[in-house]
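Asks: fold the following.
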Amino acid sequence: MGIIVVIDMAINTIIMKQRKLAKSLGQVITLGILTGMRTTAAPALASHILSRNKGKIKDGPLRFMGSGTTAAIMKVLMAGELIGDKLPNTPDRIAAGGIAGRCLAGALAGATIFKATGHNAIAGAIIGSVTAAGSTFGCYYLRRFAGKQTRIPDPYVGAFEDVLVIGAGAGLIITA
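Replies: Numbering: from 1, shown residues only. Down below sits the predicted model:
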């Protein structure tokens, strides 16, 4: 009877670790997708989540992401980006600088979430960065296609994209 209890406990432990990893992976992929739409979305959301869950990252170079000050700064940057995206001089997100910035933002958010949940920060950075790169191109071409098909001016399509980012971000915060 004792061996069955031990095996059951071991199986439950493995299942719980897999669920925790799956949740973290889902969060990082979602943040990467949002980064493809708005560069600052993922770091702002990751920092907000961590600032509400103090002590998740106690040491290391990512601990600044759990600061309330960092969360506030990231939110201001995100608000600025939401406005700046609608301006006519804003470069395309698929320009080299835009892609690099989005990959770095996705990497920062991915590393932060994975580190906070006890997983490998480098793996989180890679997943966040790769997802952000793919989402950057996907969202760019989807936005162009939507604008051409509907003949809705680009700033309005961008505003709809903002609503998606904010809504998905709110959902991510609620489930974190």
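Asks: what's the neighbour count on residue 166?
Replies: 16 (other Cβ atoms under 10 Å). Any C-beta I mention is one placed from the backbone N, CA and C, and that applies to glycine too.
Asks: return the distance of the helix of greatest length in the chain from the chain's centre.
Replies: In the chain, taking DSSP state H as the definition, the longest helix is helix 2-37. Mean C-alpha position of helix 2-37 versus that of the full chain (Cα atoms, centre = their mean, to the nearest Å) differs by 18 Å.
Asks: check stretch 153-167 too.
Replies: Relative to the chain's own centre, stretch 153-167 is displaced by 17 Å; criterion: Cα atoms, centre = their mean.
Asks: ok so, going back, enumerate the positions of the longest helix of the chain that are buried.
Replies: Using 16 or more other Cβ atoms under 10 Å as the test for burial, helix 2-37 gives 24-25, 27-37.
Asks: same check, this time on stretch 68-85
Replies: 70, 71, 74, 75, 77, 78, 81, 82, 85.
Asks: so which of those residues sits lowest on pLDDT?
Replies: Lowest in pLDDT among these is residue 85, which has 87.
Asks: ok, and the closest non-adjacent residue to it?
Replies: Nearest non-adjacent residue to residue 85, counting by Cβ to Cβ, 6 or more residues apart in numbering: residue 158, 5.2 Å away.
Asks: quick check: the one you found vs residue 26, distance?
Replies: From residue 158 across to residue 26, the span is 26 Å (Cβ to Cβ, to the nearest Å).
Asks: whichever strand or helix holds residue 80: what's the following helix or strand?
Replies: Using DSSP states H and E, residue 80 sits within helix 68-84. Following helix 68-84 in sequence order, the next helix or strand is helix 96-116 (DSSP H and E).
Asks: list the buried residues for the next helix or strand after that next one?
Replies: Later in the chain than helix 96-116, the nearest helix or strand by DSSP H and E is helix 121-150. Neighbour counts over helix 121-150 (16+ other Cβ under 10 Å) mark 121, 123-133, 135-136, 139-140, 143, 147 as buried.
Asks: what's helix 121-150 packed up against?
Replies: The elements that helix 121-150 packs onto, with contact taken as 3 or more Cβ pairs under 8 Å, 6 or more residues apart in numbering; DSSP states H and E, are helix 2-37, helix 96-116, helix 154-175.
Asks: and residue 140, how far is that from residue 34?
Replies: In this view, residue 140 and residue 34 are 14 Å apart by Cβ to Cβ.
Asks: where does the protein have low pLDDT?
Replies: Within the chain, the set of residues satisfying pLDDT under 70 comprises 1, 5-6, 10, 55.
Asks: can you pull up the most central residue in it?
Replies: residue 31 (1.8 Å; Cα atoms, centre = their mean).
Asks: alright, calling it a day.
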